[in-house]
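Colleague: How does the following fold in three dimensions:
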Amino acid sequence: KLYLFNLEQGQVGRKNLFITGSSNLTKAGLSTQNEFNVEIGDYGFEDAEQYFDVLWAEAVKITEYADVKNKLIEIIEKDTLVKDITPFEAFCLVLKTYIDSRGQKGSDESIKGVMEKAGYIPYQYQVDAVKQALGMIEDYNGVIVADVVGLGKTIIACSIARQLKNRGIVICPPGLTGDKNKDSGWQKYIEEFGLHDWEVWSRGDLKNTLKFVNKAKDIDIIIVDEVHWFRNQDTENYELLKNICREKKVILLTATPFNNRPGDILALLKLFIIPKKSSITLESNLADQFQSFKGLFDRLGYIKKYWDSSDSKKRAKAQSKYKALFEEDKIDLKKVAGKARYLAGQIRNVIEPVTIRRNRLDLQNNPEYQNEVKELSNVADPIEWFFELTKEQSEFYTEIIEDYFGDDGRFKGAIYRPFEYETGNKEEKSEDENRQFQQQRNLFDFMRRLIVKRFESSFGSFEQSIKNFKKITKKSQEFIHKTGEYILDRSLLEKIYELDADEIENSLLEYEERINKGEYPKNHKRYKLKDFEDKDGFMAALESDLELFDEILKKLSQLDLIKNDPKTACLIENLKKEFSQKPNKGEPKRKIIIFTEYVDTVIYLEKALKKDYGSKTLIVDGKLSATKIKQIDRNFDASYAEQDNDFELLLSSDKISEGFNLNRAGMVINYDIPWNPVRVIQRVGRINRISKKVFDELNIVNFFPTEKGATLVQSREIATNKMFLIHTALGEDAKIFDIDEEPSPSGLYNRVNQNPDKQEEESFYTKALKKFLKIKKDNPELIENLKTYPPRIKVAKHGAENELLVFFKKGRLYVSGAQTDTEKTEPFQTTFEDVFDRVTCAPKEKALNWNNESFWQTYKAIQIFRDYRLGPTNEQSLEMRAQNNLDYLIRSTNEKLMPHKDFLRTLKEDVLGYGTLADYTLRRIANFKENDAKDIQALKGEIGEDYLLKEKDRQKDQKKEIIIAIENKKI
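Modeller: Here you go, the predicted model:
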């Protein structure tokens with residue numbers, strides 16, 4: 001190439017220069033293709049110019065030859081952005097771009113070979129998941145494998161690991177680690193898949209896991225099973241996991257990735273995405289986007305909770321928030337629900353590029369997979385078992401839920417919220433005071449709800465809880481009388497939500513024992529009773545709770561709810577009926593699993609079942625030993641090599657609702673109601689496995705209370721009302737309803753008793769894929785031609801609204817749009833799912849004229865639009881507090897800080913521009929002291945002084961480009 005420049009006088013001190021080399025004058029030619037060029041300005045220009053002039057003089061105009069002229073016009077019309085296309089072609093191009101954005105890596109043969117060698121059938125849907133995951137890991141450093149229970153997430157994860165060919169570790173629940181003989185759990189899986197240099201670690205041992213990873217140096221892959229346990233960034237365990245995942249390829253496994261709470265989703269993404277340099281969103285700042293989501297989520301939640309509150313201040317605040325959102329005074333809950341639905345869709349849309357999520361319906365409806373899942377069992381609608389209460393017992397049932405442990409019940413729980421009594425009714429609180437208040441209020445609500453759930457579970461479990469709560473309260477009272485102080489462990493407040501349901505009370509009992517021995521935890525807070533604003537109220541609350549516990553224990557005895565438990569009697573009576581039935585033709589005898597959330601209920605039921613089913617019942621009441629795991633596998637896993645028939649009934653807590661194959665059982669009994677529907681799916685998923693079908697139909701049983709003598713209709717009405725009382729008492733702990741639903745008694749009962757398979761909906765991807773495959777079958781030539789279509793083409797068609805939709809590609813497909821018939825252009829971001837019906841059209845749909853000033857104004861506004869609606873930064877936010885403290889420490893001249901200045905600057909750069917630090921880490925940074933560098937040194941040792949440099953090196957950039965613009969015009 002030869003480029004000649006005649007320069008204006010005074011430009012660079014010379015008249016002319018020329019450049020020769022291999023570059024084209026394009027962005028790629030000048031920046032990314034490593035071309036070589038030489039600039040010459042001191043000689044040879046005249047010769048070069050003469051050479052050009054000769055060529056120009058001898059050249060022939062390309063329009064002189066008809067065939068060349070026509071070819072040029074054809075190229076412009078067909079291969080550039082001025083190409084005319086039909087609306088149907090535009091729709092097909094968008095659809096193909098969406099389908100193709102799920103890039104796949106690796107070969108079918110290699111992946112199938114790995115699965116077969118490990119002893120598994122290589123289902124195509126699993127092979128495709130591995131290929132998609134490899135593409136996601138290459139593009140984003142991680143993937144969330146979130147297929148529903150029973151579709152083989154573990155097999156997919158191990159196959160991904162083999163394809164990546166590097167060393168790694170698995171982090172999983174303690175009960176799923178497996179034994180040293182590698183006969184069970186994750187130890188068995190890594191052995192089967194030839195991952196011989198891999199390690200399996202319990203999620204309860206993250207400190208040692210981090211030490212191991214830092215020391216090993218060659219760990220490149222992290223698999224985290226049941227990762228939904230790590231949704232709170234402001235805990236030590238999350239911080240440890242985040243630091244374990246730094247600089248690694250991350251594979252997250254969960255059946256429950258989608259949660260409407262924005263912070264929960266961000267916590268998962270942050271394990272492998274750099275939030276402020278995100279490659280999975282149209283704009284790069286994922287943290288800002290989630291801040292916007294959180295603001296909207298909190299406002300909608302406040303409106304929904306307090307719109308009709310008896311507190312006039314809260315009601316007025318809800319009214320104000322509603323008006324700011326919807327620009328009208330009268331609150332319409334349907335609009336709130338609609339906005340909540342929209343928000344949930346936006347959050348799911350953000351996580352989609354790194355998520356593989358299929359349910360059984362997706363596989364059955366996908367033409368490429370439907371033949372593989374024909375052998376899945378059918379899940380029948382749940383069966384109701386009603387246990388009969390006397391009139392007095394029924395009244396007590398309601399009393400416990402509503403009067404004793406309801407929202408404004410008699411239970412005070414003062415030992416869980418001393419801060420309220422210390423400060424009295426102080427309204428103005430600092431950020432730290434507000435955090436203390438909210439943290440302790442949450443703990444109180446958590447414990448109150450725990451009692452309600454234990455009551456619904458079993459009367460025996462409830463009695464044990466009341467005894468435990470009484471013991472904890474009594475010991476606290478004695479300690480206060482002895483010392484004049486009350487001590488609360490701050491770290492216990494953070495860890496308690498990560499414990500299994502049964503571990504909570506035991507932890508509190510152990511904690512009180514240590515306090516009474518004078519063994520104070522590291523992060524304890526001393527409350528001096530003499531400084532309490534409401535000392536008398538605090539002490540009276542303790543005494544009131546002790547009286548309440550005694551009253552409850554007395555009534556349990558008087559009403560004979562333990563010795564002659566009507567719920568247990570109902571269980572035994574119905575088990576006899578079930579086991580007396582003959583098996584269906586071609587099927588074995590149906591085994592049964594009884595699930596409960598609590599070990600205390602397991603222990604209580606074990607005694608009740610001993611007489612009739614003692615020798616035939618396998619009990620799982622705590623930690624899973626190697627022997628116990630082998631018994632479970634041999635007696636309940638149809639795919640296990642060595643089969644036994646020692647047990648026909650499995651009684652277990654939810655410890656085995658994750659990660660076990662129990663498909664020799666044909667019935668799951670929910671002894672207590674799983675208030676999170678995911679629990680039902682997980683429990684049923686244990687017996688509905690794609691690996692081996694045993695029964696044509698699977699059964700689920702739910703227990704409900706009724707009164708003696710009630711008809712079926714009356715029983716359902718009684719159960720409906722009592723269940724709704726429990727739902728109201730549980731509040732946020734009950735996740736039965738979606739964010740956009742208004743709870744009702746009948747709606748609750750129907751939801752609790754809903755078939756889990758019918759809760760599933762076909763995913764949008766499956767819907768889009770079916771549409772694409774049909775078009776491809778009917779129009780193969782068109783789909784092939786789409787490969788040559790240029791970017792930035794435009795089309796207009798008839799539509800229900802006047803709007804312009806612009807489709808971008810940045811790794812995946814994004815959509816922005818705007819109304820075209822408004823005075824002010826207000827662009828918005830949306831999803832392909834939301835606009836799918838608005839761009840779908842028939843092959844004969846006619847194109848309309850789009851090329852006018854209005855189009856270009858709207859198009860430009862959409863191009864420059866940034867979808868963040870953030871308020872001003874709160875000076876007391878965790879991030880700002882950390883940043884301010886770092887600024888102060890960097891400026892400090894204290895000698896102790898000098899060796900750490902570079903690290904402090906790195907932390908500041910991270911906080912400002914990258915956002916990789918967990919909230920728990922930010923809190924630590926906000927509390928760094930100027931005269932003590934011990935905490936700074938500790939953090940440096942955990943993550944390394946150059947950690948951010950390594951994060952930058954693996955940052956993934958995706959180019960953003962406009963694919964097509966589609967304008968809808970109202971007829």
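
Colleague: Next, Lys528: phi, psi?
Modeller: Taking degrees, to the nearest 10, you get phi -90, psi 120 for the backbone angles of Lys528.

Colleague: And for the closest residue to it other than its chain neighbours, the neighbour number?
Modeller: What sits nearest to Lys528 in space, not counting adjacent residues and going by C-beta to C-beta, 6 or more residues apart in numbering, is Glu485, at 5.6 Å. Placement of C-beta: from N, CA and C, glycine included. Counted with other C-beta atoms under 10 Å, the neighbours of Glu485 add up to 14.

Colleague: Ala216 versus the closest residue to Asp220 other than its chain neighbours, what's the distance?
Modeller: The shortest distance from Asp220 to any non-neighbouring residue, by C-beta to C-beta, 6+ apart, is to Asn166 (3.8 Å). Counting by C-beta to C-beta, to the nearest Å, the gap from Asn166 to Ala216 is 12 Å.

Colleague: next one: Phe828
Modeller: Phe828 is 48 Å from Ala216, by C-beta to C-beta.

Colleague: quick one, strands of the stretch 751-900 of the chain?
Modeller: 793-799, 803-810, 812-819, 828-830 (DSSP state E, counting those that start in this stretch).

Colleague: which helices and strands sit right next to the first one?
Modeller: In this structure, strand 793-799 makes packing contacts with helix 87-100, strand 961-970, judged by 3 or more C-beta pairs under 8 Å, 6 or more residues apart in numbering; DSSP states H and E.

Colleague: Pull out the buried residues from the longest one.
Modeller: Right, helix 87-100. 87-99 (16 or more other C-beta atoms under 10 Å).

Colleague: tell me the average confidence for stretch 786-804?
Modeller: For stretch 786-804, mean pLDDT is 90.

Colleague: now the end-to-end length of it.
Modeller: 22 Å (C-alpha to C-alpha, to the nearest Å).

Colleague: swap in stretch 825-842?
Modeller: 29 Å.

Colleague: buried residues in it?
Modeller: 825, 827, 829-836, 838-839, 841.

Colleague: Present those residues as JSON lines; the columns should include distance to Glu761.
Modeller: Shown next, in JSON lines, are the buried residues of stretch 825-842 (distance: C-beta to C-beta, whole Å):
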{"residue": "Thr825", "distance to Glu761": "35"}
{"residue": "Pro827", "distance to Glu761": "30"}
{"residue": "Gln829", "distance to Glu761": "23"}
{"residue": "Thr830", "distance to Glu761": "20"}
{"residue": "Thr831", "distance to Glu761": "16"}
{"residue": "Phe832", "distance to Glu761": "17"}
{"residue": "Glu833", "distance to Glu761": "12"}
{"residue": "Asp834", "distance to Glu761": "16"}
{"residue": "Val835", "distance to Glu761": "19"}
{"residue": "Phe836", "distance to Glu761": "15"}
{"residue": "Arg838", "distance to Glu761": "20"}
{"residue": "Val839", "distance to Glu761": "21"}
{"residue": "Cys841", "distance to Glu761": "25"}
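
Colleague: okay, and for the stretch 501-650 of the chain, where does confidence drop off?
Modeller: 501-503, 505, 511-512, 514-524 (pLDDT under 70).

Colleague: repeat that for 90
Modeller: Across the stretch 501-650 of the chain, the ranges flagged by pLDDT under 90 are 501-533, 560, 562-564, 586, 597-600, 610-612, 614-615, 620-630, 638-642.

Colleague: in it, which spans are strands?
Modeller: Using DSSP E, counting those that start in this stretch, strands in the stretch 501-650 of the chain cover 524-528, 591-596, 617-620, 649-653.

Colleague: re earlier: the residue nearest to Lys528 contacts Asp531, correct?
Modeller: No. Between Glu485 and Asp531 there is no contact under C-beta atoms under 8 Å: 10.0 Å.

Colleague: Could you chop this protein up by domain?
Modeller: According to automatic domain parsing, the chain comprises the domains 2-59, 108-287+333-365, 378-384+564-759, 397-558, 789-971.

Colleague: In JSON lines, list the strands of the stretch 501-650 of the chain along with mean neighbour count and distance to Glu967.
Modeller: Rendered in JSON lines, the data for the strands of the stretch 501-650 of the chain read as follows (neighbours: other C-beta atoms under 10 Å; distance: least, C-beta to C-beta, whole Å):
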{"stretch": "strand 524-528", "mean neighbour count": "14", "distance to Glu967": "61"}
{"stretch": "strand 591-596", "mean neighbour count": "24", "distance to Glu967": "55"}
{"stretch": "strand 617-620", "mean neighbour count": "20", "distance to Glu967": "61"}
{"stretch": "strand 649-653", "mean neighbour count": "23", "distance to Glu967": "58"}
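
Colleague: Please name whichever of those strands is nearest to Glu392.
Modeller: Glu392 sits nearest to strand 591-596 of all the strands of the stretch 501-650 of the chain, at 25.6 Å, using C-beta to C-beta.

Colleague: Which secondary structure element of this protein has the lowest mean pLDDT?
Modeller: helix 490-495 (a mean of 61; mean pLDDT, DSSP states H and E).

Colleague: residue contacts, the closest residue to Thr825 other than its chain neighbours?
Modeller: Take Thr825 and drop its neighbours on the chain: the residue closest to it by C-beta to C-beta, 6+ apart is Ala861, 4.4 Å away. Taking C-beta atoms under 8 Å, 6 or more residues apart in numbering, we find Ala861 in contact with Ala818, Thr825, Pro827.

Colleague: One more pass at 10 Å, please.
Modeller: Leu804, Val806, Ser816, Ala818, Lys824, Thr825, Glu826, Pro827 (C-beta atoms under 10 Å, 6 or more residues apart in numbering).

Colleague: From the residues you listed, pick the one nearest Asp225.
Modeller: Once C-beta to C-beta is applied, the member of the contacts of Ala861 that ends up nearest Asp225 is Ser816, at 37.1 Å.

Colleague: And the closest one, how close does it get to Ala638?
Modeller: In terms of C-beta to C-beta, Ser816 sits 51 Å off from Ala638.

Colleague: These two: which is more packed in?
Modeller: Ranked by neighbour count (other C-beta under 10 Å), Ser816 and Ala638 place Ser816 first, with 21 against 18.

Colleague: is it true that the more buried one touches Phe828?
Modeller: Yes. At 6.9 Å, Ser816 counts as touching Phe828 under the criterion of C-beta atoms under 10 Å.

Colleague: circling back to that earlier point, how much space between the residue nearest to Lys528 and Glu510?
Modeller: With C-beta to C-beta as the criterion, Glu485 and Glu510 are 19 Å apart.

Colleague: cool, Asp298 as well?
Modeller: 36 Å.

Colleague: swap in Asn378?
Modeller: 46 Å.

Colleague: cool, Val148 as well?
Modeller: The value you get for Val148 to Glu510, if C-beta to C-beta is used, is 37 Å.

Colleague: Comparing the two, which residue is more hemmed in?
Modeller: More crowded of Val148 and Glu510, by other C-beta under 10 Å: Val148, with 23 against 11.

Colleague: Now the more buried one: phi and psi?
Modeller: Note on Val148: backbone dihedrals following degrees, to the nearest 10 are phi -60, psi 160.

Colleague: nearest residue to it other than its sequence neighbours?
Modeller: Asn359 (4.6 Å).
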